[in-house]
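Visitor: Give me the fold of what follows.
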Amino acid sequence: MNNKKNFFEPRVGQHYSEGINGKKVLVVGTSIYCSKTDCIIYSQCTGPEKKDSSAFDTLCPEYKQSGSVLHDEPSNVWENTDSRTLKNFTTSLQPYLVEVPADQVCEYFAFTEYIQYIIGAPDGVTKPQHISQRDFDAFVETVKVLQPDVIIIWGCVINKPLVQGNLYVIDKAALPDSQHYISHMSLPGVDHTIPLLNCYHPSSSGWHSDFGIFAKYLKQVLDTQ
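Guide: Down below sits the predicted model:
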């Protein structure tokens, strides 16, 4: 029996193990959307009751045209050079990567999505009801495999399960000390404590208005021995 919780396969950059300041950084996005409401499998693939797109992994008409599969979507997103979200993230972070060309920034991170099915969201909004326990279990599974030293969490909607409701976070009471940006997780199967850095989603206006604060705490996390 396959007990694997992940549907989406994390995208691991070529220099992930080398890391940033010697630290492996995992970026956790929120979700993948599909607005193709006229697709014959749309309602089943994006169904909010079942929350499972795996049966349509190789059947999506859009992906079949390009020879891709749904579970590789984190790689498709990360390698989409036209993505405004990705541009905002990499352009902002490049100053923290010494002598790394702009087109190589992505290679220093691992990336995955938190919600483990395709969301039917023509309006592009992820809501708490899209989230399930399976997503948290998949996150834990990914962390155990990739053994990151730092985790960057995109957006507020997944803050609740990954920080507030995370039984492995050991310092929730200290969150105000970092303006609620930094917490730390001690996970069985990982031999080091992992800082969780929760920032605004790079596609939001908050990313730009609060980037200076995020950058301060990112530097703090990356410089900590």
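
Visitor: which stretches of this structure have low pLDDT?
Guide: 1-2, 81, 98, 122-124, 225 (pLDDT under 70).

Visitor: Quick check: beta-bridge partners of the residue nearest the centre of the chain?
Guide: Centroid-nearest residue in the chain: V28, 1.6 Å away (criterion: Cα atoms, centre = their mean). With DSSP bridges applied, V28 shows beta-bridge pairing to T112, I153.

Visitor: ok, now which ones touch it?
Guide: Residues in contact with V28 (Cβ atoms under 8 Å, 6 or more residues apart in numbering) are F111, T112, E113, Y114, F139, I151, I152, I153, W154, I158, L162. Every C-beta, even on glycine, is put in place using the N, C-alpha and C of the backbone.

Visitor: just S186 next, same as before
Guide: Applying Cβ under 8 Å, 6+ apart, the residues near S186 are Y168, I170, T193, I194.

Visitor: Tell me how many other residues crowd the second one.
Guide: Using other Cβ atoms under 10 Å as the criterion, I170 is surrounded by 13 other residues.

Visitor: Skipping its backbone neighbours, what lies nearest it in space?
Guide: Spatial nearest neighbour of I170, excluding adjacent residues (Cβ to Cβ, 6 or more residues apart in numbering): S186 at 5.1 Å.

Visitor: And the last one, by the same measure?
Guide: If the residues on either side of it in the chain are set aside, I194 comes closest to M185, at 4.8 Å by Cβ to Cβ, 6+ apart.

Visitor: quick revisit: would CSV of the contacts of V28 with neighbour count and distance to Y16 be doable?
Guide: Shown next, in CSV, are those (neighbours: other Cβ atoms under 10 Å; distance: Cβ to Cβ, whole Å):
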residue, neighbour count, distance to Y16
F111, 25, 9
T112, 24, 12
E113, 27, 17
Y114, 24, 18
F139, 25, 17
I151, 24, 13
I152, 22, 13
I153, 23, 17
W154, 25, 17
I158, 26, 21
L162, 23, 20
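
Visitor: Let's have these in CSV, adding distance to R11.
Guide: Shown next, in CSV, are these (distance: Cβ to Cβ, whole Å):
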residue, distance to R11
F111, 5
T112, 7
E113, 10
Y114, 14
F139, 15
I151, 15
I152, 14
I153, 16
W154, 14
I158, 18
L162, 19
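
Visitor: which of the residues you listed lies closest to L93?
Guide: Among these, I152 lies closest to L93 (Cβ to Cβ), at 9.2 Å.

Visitor: so who does the closest one touch?
Guide: Contacts of I152 (Cβ under 8 Å, 6+ apart): V25, L26, V27, V28, L197, C199, L218.

Visitor: Make sure I have this right: A110 is in a strand.
Guide: Yes: secondary structure assignment places A110 in a strand (DSSP: H, G, I helix; E, B strand; the rest coil).

Visitor: do you know how far it is from Q147?
Guide: 10 Å (Cβ to Cβ, to the nearest Å).
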